[in-house]
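[1] Generate a structure from the sequence data that follows.
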Amino acid sequence: MRPYEAVVVLTPTLESEEAYESLVARLQKVIADGGGLLRAVERWGRRRLAYPIERHHDGYYVLLQFDSEPAVTKELDRVLRITDAVLRHLVVRRHEDAEDQAPEAVAVGEEGSPEP
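    Numbering: from 1, shown residues only. Presented below is the predicted three-dimensional model:
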């Protein structure tokens with residue numbers, strides 16, 4: 001299995017917090033049904049968009065980190081494309097050593113630049 005991340009921007013016009021939770025649960029189910037392992041779900045909440053999308057100026061952001069086979073990402077992409085509440089999404093493969101490369105682990109030299 002390979003590590004992946006998906007960032008999803010949902011429309012801000014959903015009725016309630018339960019509607020957002022049901023959409024996130026649906027995405028988690030797609031990953032689980034394909035044999036994927038969900039690592040983390042981060043709900044970033046409602047944030048301002050850099051530019052309007054479909055006349056929306058805000059969006060509800062969700063980050064999913066998971067391990068799966070490539071076929072699961074294709075199915076997740078298909079589901080995200082046909083879901084009306086999704087404004088934008090991006091599914092990318094994470095570097096396999098992403099957990100070991102935490103930003104806090106970078107040593108900084110005296111001039112403020114990272115040491116080689």
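
[2] Please count neighbours and contacts with C-alpha atoms only from this point.
    Will do.

[3] what helix or strand does R39 sit in?
    Assigned by DSSP states H and E, R39 falls within strand 37-53.

[4] For that strand, which outside residues touch it?
    Strand 37-53 has contacts (Cα atoms under 8 Å, 6 or more residues apart in numbering) with 12, 28, 31-32, 57-68, 87.

[5] Would you write a ChimeraX line that selects the buried entries of these?
    Selecting only the buried entries of those in ChimeraX, with 16 or more other Cα atoms under 10 Å as the criterion:
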select :12,28,31,32,58,59,60,61,62,63,64,65,66,67,68,87
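
[6] Over to G36: give its phi and psi.
    Per-residue torsions, G36: phi -80, psi 160 (degrees, to the nearest 10).

[7] Packing partners of the longest helix anywhere in the chain?
    Taking DSSP state H as the assignment, the helix of the chain that covers the most residues is helix 17-33. Counting contacts by 3 or more Cα pairs under 8 Å, 6 or more residues apart in numbering; DSSP states H and E, helix 17-33 packs against strand 37-53, strand 56-68, helix 70-82.

[8] In a markdown table, list the ones you listed along with distance to A6 and mean pLDDT.
    Output for those, formatted as a markdown table (distance: least, Cα to Cα, whole Å; pLDDT from 0 to 100):
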| stretch | distance to A6 | mean pLDDT |
| --- | --- | --- |
| strand 37-53 | 10 | 92 |
| strand 56-68 | 5 | 93 |
| helix 70-82 | 9 | 93 |
